[in-house]
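Trainee: No sequence on hand, only this structure:
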């Protein structure tokens, strides 16, 4: 059985939108590229044809990945988002116990993650460590740089 993928409604909507675009628009574009490349003649020495076939393979791989995600998704509903513990779809403010620096992160599904925008995945080391924890709790996170210790200061929607 495939692993369940947790997403917010926004994350799921983005996946559906990307899938629809790839299937309805990009497939047609790639098909046209392939048709055009075939018209250049000898396929054994046709770099344009090889590039178009590669483009088609990458597109189909992405479509299959999105379809798999859509089959295995569990959307975390607003009703599940209580502020008593860190959960997907919530924002958490943490403080590094060593440097006293504060960080604010939205906990999101892996496809929505963008650490530079303050969105970390529930599957990242920090995200995993924070899930289920409450305000005031301390968490230790094993990273490539060693163990980092954080205190949860705030949880909000």
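Mentor: Nice, thanks for sending it over. Source: prediction; values computed, not measured. Numbers count the residues shown, from 1 in each chain.
Trainee: worst-scoring helix or strand of this structure, pLDDT-wise?
Mentor: Least confident helix or strand of the chain, by mean pLDDT, DSSP states H and E, is strand 5-7 with a mean of 80.
Trainee: Return the distance of that one from the chain's centre.
Mentor: Offset of strand 5-7 from its chain centre (C-alpha atoms, centre = their mean, to the nearest Å): 9 Å.
Trainee: Please work out which residues outside it touch it.
Mentor: 15, 69, 72-76, 88, 108-112, 122 (C-beta atoms under 8 Å, 6 or more residues apart in numbering). Bear in mind the C-beta positions are built from the backbone N, C-alpha and C, glycine included.
Trainee: and the residues you listed, which two are the farthest apart?
Mentor: Longest distance between any two of the contacts of strand 5-7 is 16.7 Å, between 72 and 108; criterion C-beta to C-beta.
Trainee: higher neighbour count, these two?
Mentor: Between residue 72 and residue 108, residue 108 has the larger neighbour count (other C-beta atoms under 10 Å), namely 27 against 13.
Trainee: and the closest residue to the more buried one other than its chain neighbours, what does it touch?
Mentor: Spatially, and ignoring its direct neighbours in sequence, residue 108 is nearest to residue 119 (4.8 Å; C-beta to C-beta, 6 or more residues apart in numbering). Residue 119 sits next to 105-106, 108, 112-113 when contact means C-beta under 8 Å, 6+ apart.
Trainee: mind redoing it with 6 Å?
Mentor: For residue 119, the residues meeting the contact criterion (C-beta atoms under 6 Å, 6 or more residues apart in numbering) are 106, 108, 112-113.
Trainee: Tell me which of the residues you listed fall in strands.
Mentor: If you go by DSSP state E, the contacts of residue 119 have 106, 108 in strands.
Trainee: Which of the contacts of residue 119 has the largest number of neighbours?
Mentor: residue 108 (27 neighbours).
Trainee: in what helix or strand does the residue lying closest to residue 112 once chain neighbours are set aside lie?
Mentor: With sequence-adjacent residues excluded and distances taken as C-beta to C-beta, 6+ apart, residue 112 is closest to residue 11, at 4.4 Å. If you go by DSSP states H and E, residue 11 is part of helix 9-21.
Trainee: Sounds good, over and out.
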